[in-house]
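Q: model this:
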Amino acid sequence: MLPTYFFYDDYSSVEANGTWYARGDTLANKMHTISLRCAEESLLCSLTQAEISPENLLHAYEESYVVTKWDKEQIIAQSEESLCTRYTVLIDRKSKKVTATRNKTGDSELCEGITPVLQLELSDAFLESERMSSSVQ
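A: Here you go, the predicted model:
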């Protein structure tokens, strides 16, 4: 069972845990969990993701995001540009929501099949399964 959504903000750091939900699209791997930690002092966010592959193997990785905006209402952080994509994370401190936008940045053969823009929302794994089952009906 995947963990539920969690959000904590003590003004100098923010932590959120949950599962990415793709608005209007599907994710390649729905069996995953995210832990996002941001610190004002370093102006960095650390995103750790663990997922179960189709071969039932556990994969975990960590990625750093550079904070481009930190104020009392929101935090914006951006990943480094990879071969095919770049992520921008938006933390809305008032609503306690975490969203992300994945933009396709590469046009090589390896990037074929990647949606140009993917909107993600960090949510509760249970709510994610509810959304998936309601969209099938």
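Q: pLDDT below threshold where in this structure?
A: Counting by pLDDT under 70, the ranges of the chain that qualify are 1, 24-30, 125-137.
Q: Any chance you could list what contacts stretch 81-97?
A: Stretch 81-97 is touched from outside by 7, 9, 14, 16, 36, 38, 45, 47, 65, 72-80, 98-106, 108, 110-111, 114, 121-122, with contacts defined as CB atoms under 8 Å, 6 or more residues apart in numbering. Just so you know, the C-beta spots here come from the backbone N, C-alpha and C atoms, and that holds for glycine as well.
Q: now swap in stretch 98-115 and tell me
A: 7, 16, 18, 20, 25, 36, 81-92, 116-122.
Q: what ranges do the helices span in this structure?
A: If you assign secondary structure with DSSP state H, the helices in the chain sit at 125-136.
Q: Can you check which strand is longest in it?
A: Longest among the strand segments of the chain by residue count, using DSSP state E, is strand 58-70.
Q: So S13 versus Y5, what's the distance?
A: 18 Å (CB to CB, to the nearest Å).
Q: Neighbour count for the two, which is higher?
A: Neighbours were counted for S13 and for Y5 using other CB atoms under 10 Å; Y5 has more, 20 against 14.
Q: what's near enough to touch that one?
A: For Y5, the contacting residues are 16-19, 122-124, 127, taking CB under 8 Å, 6+ apart as the criterion.
Q: what's the closest of the residues you listed to P54?
A: Looking at the contacts of Y5 and their distance to P54, the nearest is T19, at 17.2 Å (CB to CB).
Q: At which residues are the strands of this protein located?
A: Listed in chain order (using DSSP E), the strands of the chain are 6-9, 13-22, 32-39, 44-52, 58-70, 74-78, 85-92, 97-104, 117-123.
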